[in-house]
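A.B. asks: Okay, sequence plus prediction incoming.
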2 protein chains.
Amino acid sequence: MAVSSVVRAQLGRASWIRRMFEEGARLRAQLGKDAVIDLSLGNPEVEPPPAFHQTLERVVQHELGPGAHRYMHNAGLPETREAVAAALAAEFGLPFTRDDIVMCCGAAAGLNLVLKAVLEPGDEVVVLAPYFPEYPFYVENHGGRLREVPTRADFSLDPDALARALGPRTAALIVNSPNNPTGRLLSAAELDAIAGLLRERAPRALLVSDEPYRRLVFSGQRFASVLGRHARAVVVGSHSKDLAVPGERIGYVALSPEMPPAERAELAAALAFLTRTLGYVNAPALMQRVVRHLQGLSVDPAVYERRARLVVPALRAMGYEVVEPGGAFYCFPRTPIPDDVAFALALAEQERVLVVPGTGFGAPGHFRISLCVATERLERALPALARALQRHAPKPAPAEGR
Amino acid sequence: MAVSSVVRAQLGRASWIRRMFEEGARLRAQLGKDAVIDLSLGNPEVEPPPAFHQTLERVVQHELGPGAHRYMHNAGLPETREAVAAALAAEFGLPFTRDDIVMCCGAAAGLNLVLKAVLEPGDEVVVLAPYFPEYPFYVENHGGRLREVPTRADFSLDPDALARALGPRTAALIVNSPNNPTGRLLSAAELDAIAGLLRERAPRALLVSDEPYRRLVFSGQRFASVLGRHARAVVVGSHSKDLAVPGERIGYVALSPEMPPAERAELAAALAFLTRTLGYVNAPALMQRVVRHLQGLSVDPAVYERRARLVVPALRAMGYEVVEPGGAFYCFPRTPIPDDVAFALALAEQERVLVVPGTGFGAPGHFRISLCVATERLERALPALARALQRHAPKPAPAEGR
């Protein structure tokens, strides 16, 4: 018994992920790497924009003077925080200053920081399903309770369901647009409704916007921000997807300048303090020096958009139900049978195609396809997905119906 | 009320640190930066060894092929974990493999990971005082309770005090050698005694060795390891001090190969999982690629040793009681009055010399002097420390004694 009961239970809950992972590893070992088409990972396979490498080389050759690798303020380098603040101010028209910015080790760290800062034991964190599967762990880490709110079949907001979930125990509401796993964006009207419900039912709750995909928005779509819509708002930003450097762990937390000043100051102080005590200490210094120069830069989301426009119509033509993604790099079709884990395992065993069951996203009966895969491999996966649908297609309904 | 009651209480507990910090900032603003001698920070002012920059440049120019910045296994890059395992195997004669190594964002992250992995609610974590002031926060983060064990006046182990503290609620014992704040090393005999007491009184507890200063050992001193002394041992290593890159957040957790295999596998899996869910995700990829080539490298501790040999005898000649440090870059004299916070504040106000009171280290009646300061500034601080001692020197004892 080497680990605590909570951690053992968490590891156990994630066991179906391990089964999927092990099944993939087994198939690769048995059949060779190329025989398996892995559509399960949200790991950008595009390379960072050329300016990233140019900036990294320049920083390493010319900007690493004495003290460049030392400890710094836990909130980050002043010049980097200023660059992030200036970019946010320009983008959203709010007077951000560096005091509103805490640099962090990616959005995963940013969310842990924010939740640790605000959660009293037993406080609720409201999330809209489908949601990123790590949220439940982040919430549990800091003594909170996850409160899942279903969305409609097209993943749009169900305001009544949200209203029922909000109340005096709500400490935070996390939104994620473009969304992992659906690729859907929250509209301005949906965000207005969310802000209105929060003011009405949980006025002290924090609206936390998890935005690793903010720059990965397809043509004709428009990103709507929580900023300007809700005073108690926090943006958790990341460069993992826009710069395609998720291994480097660099992102930021930005507090809305509209937050009441005393609250904002206390929250900023808490986030810097927790950056220390949760063991991040500061976001990696070298990457802070790099992203300082790259605010606003992004890989071209067109590559993901082209893949979505290839895959989604093809899936629909086969008979899958799938909501059109507006950004990010996923789509999230319905499974032909209710048991999404069984479907995903069958797809792995019979077709050597790896996807992620919807269960972990709080949305059983779906599966996630990643578009972070060379287009040629996506094309190869399509006939397999068609066969899987045929194999599992619901039989003509017996008397009791379904 | 923007933050939780626990975090607010933690911020409040640290308020004397803020007072010190603010006093320093106030003095700097009022009198100019050079008028203040800051001996309060453990931030290496030496530069990284030349091989660090050479390796960083080489890695950036030649080793960042496609995918270099992507997500990886949460435990880290296989080649980096192998390099760390090989270096530990060579140094300590135990058969480490990469499966025993989890790369992490410095020792602060490593300690949070280990504590989160093992602590049941209310479990105790035993520390020897004086200890690193962040330990209480790390323990609280994960629901544990800190159990402080005093050492003797020379900071050597008091086996009876340790024996009294160990029991069925002990989940872990943290040792830190060379020690922050005292600079003292635990001897082989002390570690043998610690291991023996653990086996006797808390056989399931984990012995956690926090080793950021392992390579900063002065001549004539010998680092003794927990490895080989206790099967349930974990080393938390860091490159913050040996490579002098604390801002880059790179370190590792190494599980003793002597740990029972099933426990070791479960703990390794938990550490990788928690690396994800606590929001580190992985240690920064680029720094993993760099330190892979630099295992065993260190700045020369002689620079700190020379300063210790300057400061300690000078302090003793003035009348301070101070234990000789054997490594790291601190010394930890007794204050002339019991109230170490008052002494440190007076030293700041009257002499413009900043030090850290012993209270936060679990050792009131002491103060920490950092040797991470140019020798010339240390020399300038000495007359000020002499005057402060004179000013506070205990008056001849009145009748009731002291």
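C.D. replies: It's in. Residues are numbered from 1 along each chain as shown, chains lettered A, B, ... in the order given.

A.B. asks: C-alpha coordinates for the helix or strand containing residue A:195, PDB please?
C.D. replies: Element membership of residue A:195 [criterion: DSSP states H and E] is helix A:188-201. Taking Å, rounded to 0.1, in the frame of the first residue of the first chain, the C-alpha atoms of helix A:188-201 are listed here in PDB:
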ATOM      1  CA  ALA A 188     -21.900  35.800 -27.100                       C
ATOM      2  CA  ALA A 189     -25.600  35.100 -26.200                       C
ATOM      3  CA  GLU A 190     -24.700  32.000 -24.200                       C
ATOM      4  CA  LEU A 191     -22.000  33.800 -22.300                       C
ATOM      5  CA  ASP A 192     -24.400  36.700 -21.600                       C
ATOM      6  CA  ALA A 193     -26.900  34.100 -20.200                       C
ATOM      7  CA  ILE A 194     -24.200  32.500 -18.100                       C
ATOM      8  CA  ALA A 195     -23.100  35.800 -16.700                       C
ATOM      9  CA  GLY A 196     -26.700  36.800 -16.000                       C
ATOM     10  CA  LEU A 197     -27.400  33.500 -14.100                       C
ATOM     11  CA  LEU A 198     -24.300  33.900 -12.100                       C
ATOM     12  CA  ARG A 199     -25.200  37.400 -11.000                       C
ATOM     13  CA  GLU A 200     -28.700  36.200 -10.100                       C
ATOM     14  CA  ARG A 201     -27.900  33.000  -8.300                       C
END
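
A.B. asks: Flag every buried residue along that helix.
C.D. replies: Going by neighbour count (16 or more other Cβ atoms under 10 Å in any protein chain shown), the buried part of helix A:188-201 is A:190, A:191, A:193, A:194, A:195, A:197, A:198, A:201. For glycine as for every other residue, the C-beta is placed from the backbone atoms N, C-alpha and C.

A.B. asks: pLDDT score for residue A:372?
C.D. replies: Listed pLDDT for residue A:372 reads 92.

A.B. asks: Just confirm it contacts residue A:40, I think it does.
C.D. replies: No: contact criterion Cβ atoms under 8 Å: residue A:372 and residue A:40 do not qualify, at 9.8 Å.

A.B. asks: Could you list the residues of the stretch 101-250 of chain A in contact with chain B?
C.D. replies: A:105-106, A:108-113, A:116-120, A:123, A:134, A:137-138, A:141, A:204, A:244-249 (Cβ under 8 Å from any Cβ of the partner chain).

A.B. asks: in chain A, which ranges drop under the pLDDT threshold?
C.D. replies: Low-confidence segments of chain A, defined by pLDDT under 70: A:1, A:15, A:17-18, A:394-402.

A.B. asks: Helices of that one, residue ranges please.
C.D. replies: In chain A, the segments counted as helices under DSSP state H are A:5-13, A:15-31, A:50-62, A:78-92, A:106-118, A:135-141, A:159-165, A:188-201, A:261-277, A:285-291, A:302-318, A:340-351, A:375-392.

A.B. asks: Any part of the first one near chain B?
C.D. replies: Same thing as helix A:5-13. Yes: using Cβ under 8 Å from any Cβ, helix A:5-13 reaches chain B at A:5, A:6, A:7, A:8, A:10, A:11.

A.B. asks: Could you report the neighbour count for the first one?
C.D. replies: Residues lying near residue A:5 (other Cβ atoms under 10 Å in any protein chain shown) number 10.

A.B. asks: Run a quick neighbour tally on the closest residue to it other than its chain neighbours.
C.D. replies: Nearest residue to residue A:5, sequence neighbours excluded (Cβ to Cβ, 6 or more residues apart in numbering or on different chains): residue B:120, at 6.3 Å. By the criterion of other Cβ under 10 Å, residue B:120 has 15 neighbours.

A.B. asks: And the one 10 residues further on, by the same measure?
C.D. replies: The burial count assigned to residue B:130 is 26, neighbours taken as other Cβ under 10 Å.

A.B. asks: do the same with residue A:283
C.D. replies: 32.

A.B. asks: Not counting sequence-adjacent ones, nearest residue to it?
C.D. replies: According to Cβ to Cβ, 6+ apart, the nearest residue to residue A:283 is residue A:103 (4.0 Å).

A.B. asks: What backbone torsions are found at the closest residue to residue A:43 other than its chain neighbours?
C.D. replies: Distance criterion Cβ to Cβ, 6+ apart; nearest residue to residue A:43, sequence neighbours excluded, is residue B:71 at 4.5 Å. The phi and psi values for residue B:71, taken as degrees, to the nearest 10, are phi -60, psi 160.

A.B. asks: My understanding was that residue B:71 contacts residue A:247; is that so?
C.D. replies: Yes: counting by Cβ under 8 Å, residue B:71 does reach residue A:247; the two are 5.7 Å apart.

A.B. asks: Quick one: residues contacting residue A:267.
C.D. replies: For residue A:267, the contacting residues are A:117, A:118, A:234, A:255, A:259, B:2, B:3, by Cβ atoms under 8 Å, 6 or more residues apart in numbering or on different chains.

A.B. asks: I'd like the distance from stretch A:111-118 to the chain centre, please.
C.D. replies: Its chain's C-alpha centre and that of stretch A:111-118 lie 16 Å apart, by Cα atoms, centre = their mean, to the nearest Å.

A.B. asks: near chain B, which residues of the stretch 251-400 of chain A?
C.D. replies: Residues of the stretch 251-400 of chain A lying near chain B (Cβ under 8 Å from any Cβ): A:259, A:262-264, A:266-267, A:269-270, A:273-274, A:276-287.

A.B. asks: Filter those residues down to the buried ones, ChimeraX style.
C.D. replies: To isolate the buried ones among these in ChimeraX, judged by 16+ other Cβ under 10 Å, type:
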select /A:259,263,264,266,267,269,270,273,274,276,277,278,279,280,281,282,283,284,285,286,287
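
A.B. asks: Touching both of residue B:71 and residue A:247, which residues are there?
C.D. replies: residue B:282.

A.B. asks: Show me which of the two is the more surrounded one.
C.D. replies: residue A:247 (24 against 18).

A.B. asks: Once you drop chain neighbours, what's closest to that one?
C.D. replies: Closest to residue A:247 by Cβ to Cβ, 6+ apart is residue B:285, at 3.3 Å.

A.B. asks: Repeat that for residue A:190.
C.D. replies: Counting by Cβ to Cβ, 6+ apart, the residue nearest residue A:190 is residue A:157, at 4.4 Å.

A.B. asks: What of residue A:76?
C.D. replies: Using Cβ to Cβ, 6+ apart, the closest residue to residue A:76 is residue A:103 (3.0 Å).

A.B. asks: Same question for residue A:121.
C.D. replies: Nearest residue to residue A:121 in three dimensions, chain neighbours excluded: residue A:143, at 4.5 Å (Cβ to Cβ, 6+ apart).

A.B. asks: likewise residue A:184?
C.D. replies: residue A:155 (4.8 Å).

A.B. asks: and that neighbour, how many neighbours?
C.D. replies: 22.

A.B. asks: check contacts around the closest residue to residue A:87 other than its chain neighbours.
C.D. replies: Nearest residue to residue A:87, sequence neighbours excluded (Cβ to Cβ, 6+ apart): residue A:295, at 3.7 Å. Applying Cβ under 8 Å, 6+ apart to residue A:295 gives the contacts A:83, A:84, A:86, A:87.

A.B. asks: Can you give me the separation between the residue nearest to residue A:88 when sequence neighbours are not counted and residue A:211?
C.D. replies: Of all residues not flanking residue A:88 in the chain, residue A:96 sits nearest, at 4.6 Å (Cβ to Cβ, 6+ apart). For residue A:96, the distance to residue A:211 equals 14 Å [Cβ to Cβ, to the nearest Å].

A.B. asks: With residue A:312 instead?
C.D. replies: 23 Å.

A.B. asks: The two: who's more crowded?
C.D. replies: residue A:211 (24 against 20).

A.B. asks: who's in contact with that one?
C.D. replies: A:107, A:176, A:177, A:235, A:236, A:237, A:238.

A.B. asks: now residue A:42
C.D. replies: Residue A:42 neighbours (Cβ under 8 Å, 6+ apart): A:180, A:329, A:330, A:370, A:372.

A.B. asks: got the residues you listed as a markdown table, with distance to residue B:339 columns?
C.D. replies: Below are those laid out as a markdown table (distance: Cβ to Cβ, whole Å):
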| residue | distance to residue B:339 |
| --- | --- |
| A:180 | 54 |
| A:329 | 59 |
| A:330 | 60 |
| A:370 | 60 |
| A:372 | 59 |
